[in-house]
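Asker: sequence and predicted model, in that order:
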Amino acid sequence: MADATLPVLDLSRLDAGPEAAAGFRADLRAATHDVGFFYLTGTGVPPELEARLHRAARDFFALPEADKLAIENVNSPHFRGYTRIGGERTQGRVDWREQIDIGPERAALDPETSPDYARLIGPNLWPQAQPELREVVSEWHDHLSGVARKLLRAWALALGAEESYFDEHFGEPSTLIKIVRYPGKDDPTPQQGVGAHKDSGVLTLLWVEPGKGGLQVQRDGEWVDAPAVPGAFVVNIGELLEYATQGYLIATNHRVISPTYPEDRISVPFFFNPALDARLPIIELPAELAAEARGVTQDPTNPIHALYGENALKSRLRAHPDVAAIHHADLVARAGA
């Protein structure tokens with residue numbers, strides 16, 4: 001990985017004795033203070049599970065259009081299910097990708113008696129033509145949840161907090177798995193697979209199809225390629241971790257450039273976030289770290305809410321205006337008032 005464009009961290013160092021663990025935590029703190037992104041190896045996720053997930057993703061996108069549209073997200077008030085190519089937006093511009101969104105399997109709540117963000121709670125839409133998808137996604141969720149919790153405990157110690165800090169303030173995690181396909185484009189200029197953005201939560205673990213590029217991370221005002229690295233996840237932090245550290249850790253803009261036809265690209269981001277009703281308190285950093293905190297990024301068009309549910313709802317309403325218009329016209333009207 002000598003040519004890696006992001007820091008490379010090996011999670012297995014946490015289990016290699018106190019000195020190695022302390023070194024990992026120091027590297028983790030530095031990577032997310034300086035860049036907000038890194039490659040993570042040593043996760044223990046079985047290669048066989050990666051292969052099954054990859055196969056399931058390919059099989060899903062190869063389904064007949066009618067089978068995919070049977071679970072289209074416009075049928076879900078909870079923003080679950082299939083999004084056709086061009087059905088999602090970033091910064092108001094169309095993203096050139098198709099995907100399926102899968103969250104915690106829950107019963108829907110009554111919107112009349114629940115907070116607005118509770119509209120994100122509800123059942124998933126699963127393709128009847130591919131029953132095996134649910135099983136492999138469940139296994140993937142369990143493995144990556146373990147990796148995420150291990151990272152968060154390491155972060156807590158690295159930031160001078162108790163190891164259990166995030167466990168205590170997370171509640172029941174809000175997770176989201178997106179299985180994404182970026183189709184190839186034959187235009188002469190790069191196309192927006194997904195536009196420049198920061199993630200709205202705490203932590204993202206991204207699996208990218210081997211041998212594929214397209215992800216770019218903004219560093220020092222320049223876009224840097226972050227191609228797939230065998231055996232590694234791309235990890236980045238979201239706006240809530242920047243908020244909780246008052247800018248000591250940084251959420252970083254990133255984007256995906258569409259592949260050139262006839263190539264395409266599969267990626268599977270896993271978002272690990274607090275319960276929708278959880279509010280991450282500001283971490284009391286040691287003085288030497290607090291002195292390097294840059295403050296929370298101020299963007300009037302993208303306010304960062306301490307309550308995760310408000311942050312998540314904001315992002316979903318913007319990304320899927322069709323779902324918002326069909327199921328949440330009252331929220332749209334209120335936001336425009």
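Answerer: Alright, I've got the coordinates.
Asker: contacts, neighbours, all on C-alpha from now
Answerer: Fine.
Asker: distance between the longest helix seen in the chain and the chain's centre?
Answerer: Using DSSP state H, we find that the single longest helix of the chain is helix 132-158. In terms of CA atoms, centre = their mean, to the nearest Å, the centre of helix 132-158 is set 12 Å apart from its chain centre.
Asker: give the next helix or strand downstream of it.
Answerer: Moving toward the C-terminus from helix 132-158, the next helix or strand (DSSP states H and E) is helix 165-170.
Asker: which residues are contacting that next one?
Answerer: With CA atoms under 8 Å, 6 or more residues apart in numbering as the test, helix 165-170 has contacts from 149, 152-153, 156, 273-275, 278-281.
Asker: buried subset of the residues you listed?
Answerer: Neighbour-count burial (16 or more other CA atoms under 10 Å) is assigned, among these, to 149, 152-153, 156, 273-275, 278-280.
Asker: closest one of those to Ala56?
Answerer: In terms of CA to CA, no member of the buried ones among the contacts of helix 165-170 lies closer to Ala56 than Asn273, at 24.6 Å.
Asker: ok, that closest one - contacts?
Answerer: Neighbouring residues of Asn273 by CA under 8 Å, 6+ apart: 170, 173-175, 201-203, 308.
Asker: who wins for neighbours among those?
Answerer: Within these, Gly201 tops the neighbour count with 29 neighbours, counted by other CA atoms under 10 Å.
Asker: check contacts around the residue nearest to that one when sequence neighbours are not counted.
Answerer: Once flanking residues are discounted, Gly201 sits nearest to Gly238: 4.7 Å by CA to CA, 6 or more residues apart in numbering. With contacts taken as CA under 8 Å, 6+ apart, Gly238 has the following neighbours: 198-204, 250-252.
Asker: enumerate the beta-bridge partners assigned to the residue lying closest to Ile102 once chain neighbours are set aside.
Answerer: Distances taken as CA to CA, 6+ apart put Ile177 closest to Ile102, at 5.1 Å, once the chain neighbours are dropped. Beta-bridge partners for Ile177, by DSSP bridges, are Ile102, Phe270.
Asker: just Gln218 next, same as before
Answerer: Beta bridges link Gln218 to Trp223, judged by DSSP bridges.
Asker: quick one, what contacts it?
Answerer: By CA under 8 Å, 6+ apart, the neighbours of Gln218 are 224, 252-254.
Asker: so where's the stretch 51-200 of the chain shaky on pLDDT?
Answerer: 91-93, 188-190, 192-193 (pLDDT under 70).
Asker: hmm, back to that, from Asn75, how far out is the residue nearest to Ile102?
Answerer: Using CA to CA, to the nearest Å, Ile177 is found at 18 Å from Asn75.
Asker: the more surrounded of those two?
Answerer: Taking other CA under 10 Å, Ile177 and Asn75 do not tie; Ile177 has more neighbours (22 against 17).
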